[in-house]
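**Student:** sequence and predicted model, in that order:
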Amino acid sequence: MPDTALIETARDFNRFYTNFLGLLNKAYLDSPYTLTGARILFEIGSHDGISATALVRDLHLDPAYLSRILKRFRAEGLIETSPDPADLRSQIITVTERGYTQFEELGRRANAQIAARFDNLATGEPQAVVSAMDTIRTLLDPAAKPAPAVIRAHRAGDIGWIVQSQGRFYAEEYGWDLRFEALVAEVAGKFLANFDPEKEYCWIAERGGVNVGSVLVANGGDGVAKLRLLYVDKAARGLGLGKLLVDECIRFCRQKGYRELSLWTNDMLETARAIYIKAGFRLVSEERHRMFGPEATGQTWVLTL
């Protein structure tokens, strides 16, 4: 049984979010419909025909209650129905032109409501909210599928995110002090200040509009490229993003004619080291250090291209 305080906190959040979206208002989004009515119209408008049986199942509605709402929608000219060939006791429901117009208007109002809330947040905070929502759904809904990850080039703000995310993560997970964040800032800053698009690249892994991973290749001179700052956020672990990012580095370096790809890591980063070993990197040196506080073993790995 979860801790009582956790349960109370969850219930408190439910009350807050219900009020935040105005879900208890009789007129949802200043429309003629309750939240349930608007949701039913949304489901019908989102499908090219949906059965009443499916609405009852998917929305967990009482059949009699749904029937009353559908009767109102028919009277207002929002929907039309036809017999369901798969279940003669049910109906296939579609929106009329008038119903689709109302469906789009509700969507516009819902988007405007969220946009207005996000406008009051600081830069990066809307992304943090969406990331938290994604985490909640993934953990609580077994059927939820995480948004697919995309790999893209870096853009304004991404290098700052790399410094922030890695500084926080390694402090929380390994107790590394601010010297590590300073190192990340130095590496990332030099990369950005001296960026050569012909020989260097930064990849950002993004999911649902939120950054969840990164890596960059810097020119080390004499035909040697350096793989720097590989990172995958905890919320995106298990998706194979680390391997995908490293594969992108290797492909890029071969395409640009580098003869060798090198990297520096630490022995406790076992997941990353497993990726390097599988990709063909070999360990060439290691040394004990306390560069970031706790004792660790720094390792240099190289891959002949």
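**Tutor:** The structure has been received and is ready for your questions. All figures in this text were calculated on a predicted structure; none of them were measured in a lab.
**Student:** what does the helix or strand bottoming out on mean pLDDT in the chain contact?
**Tutor:** Using mean pLDDT, DSSP states H and E, the weakest-scoring helix or strand in the chain turns out to be helix 125-140, at a mean of 84. The set of residues external to helix 125-140 that reach it, using Cβ atoms under 8 Å, 6 or more residues apart in numbering, is 118, 121, 144, 146-147, 207-211, 235. In this view, the C-beta of every residue, glycine as well, is placed from N, C-alpha and C.
**Student:** can you get me the start-to-end distance on stretch 87-94?
**Tutor:** 16 Å (Cα to Cα, to the nearest Å).
**Student:** just the buried positions in whichever helix or strand comes after the least confident helix or strand of the chain, please.
**Tutor:** Scanning forward in sequence from helix 125-140 by DSSP states H and E, the next helix or strand is strand 149-153. The neighbour-count check on strand 149-153 (16 or more other Cβ atoms under 10 Å) flags 149, 151 as buried.
**Student:** relative to Asp62, how far out is Ile136?
**Tutor:** If you measure Ile136 against Asp62 using Cβ to Cβ, to the nearest Å, the figure is 27 Å.
**Student:** okay, these two: which has more neighbours?
**Tutor:** Neighbour count, other Cβ atoms under 10 Å: between Ile136 and Asp62, Ile136 has more, with 13 against 9.
**Student:** how far away is the more buried one from Phe20?
**Tutor:** 14 Å.
**Student:** what of Gly157?
**Tutor:** For Gly157 relative to Phe20 (Cβ to Cβ), the value is 27 Å.
**Student:** what's the single longest helix in this protein?
**Tutor:** helix 97-119 (DSSP state H).
**Student:** for it, buried residues please.
**Tutor:** For helix 97-119, a neighbour-count test (16+ other Cβ under 10 Å) marks 99, 102-103, 106, 110 as buried.
**Student:** stretch 232-243 too?
**Tutor:** 232-233, 235-236, 239, 241-242.
**Student:** can you lay out the residues you listed as a markdown table showing secondary structure?
**Tutor:** Converted to a markdown table, the buried residues of stretch 232-243 look like this (DSSP: H, G, I helix; E, B strand; the rest coil):
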| residue | secondary structure |
| --- | --- |
| Val232 | strand |
| Asp233 | coil |
| Ala235 | helix |
| Ala236 | helix |
| Leu239 | coil |
| Leu241 | helix |
| Gly242 | helix |
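**Student:** now the two most distant members of the residues you listed.
**Tutor:** Ala235 and Gly242 (13.6 Å; Cβ to Cβ).
**Student:** what sits against the residue lying closest to Gly167 once chain neighbours are set aside?
**Tutor:** Spatially, and ignoring its direct neighbours in sequence, Gly167 is nearest to Glu181 (3.2 Å; Cβ to Cβ, 6 or more residues apart in numbering). Glu181 sits next to 163, 166-167, 170-171 when contact means Cβ under 8 Å, 6+ apart.
**Student:** most neighbours out of those, which is it?
**Tutor:** Busiest of the contacts of Glu181 [other Cβ under 10 Å] is Gln166, holding 23 neighbours.
**Student:** how far away is it from Ala38?
**Tutor:** Counting by Cβ to Cβ, the gap from Gln166 to Ala38 is 42 Å.
**Student:** do the same with Glu286
**Tutor:** 61 Å.
**Student:** quick one: Val246 and Val232 touch, right?
**Tutor:** No - the pair Val246 / Val232 is not scored as a contact, 10.5 Å apart, by Cβ atoms under 8 Å.
**Student:** confidence-wise, which of the buried residues of stretch 232-243 comes last?
**Tutor:** In terms of pLDDT, Ala235 ranks lowest among these, with 79.
**Student:** can you list the domains in the chain?
**Tutor:** 4-140, 149-304 (the TED database).
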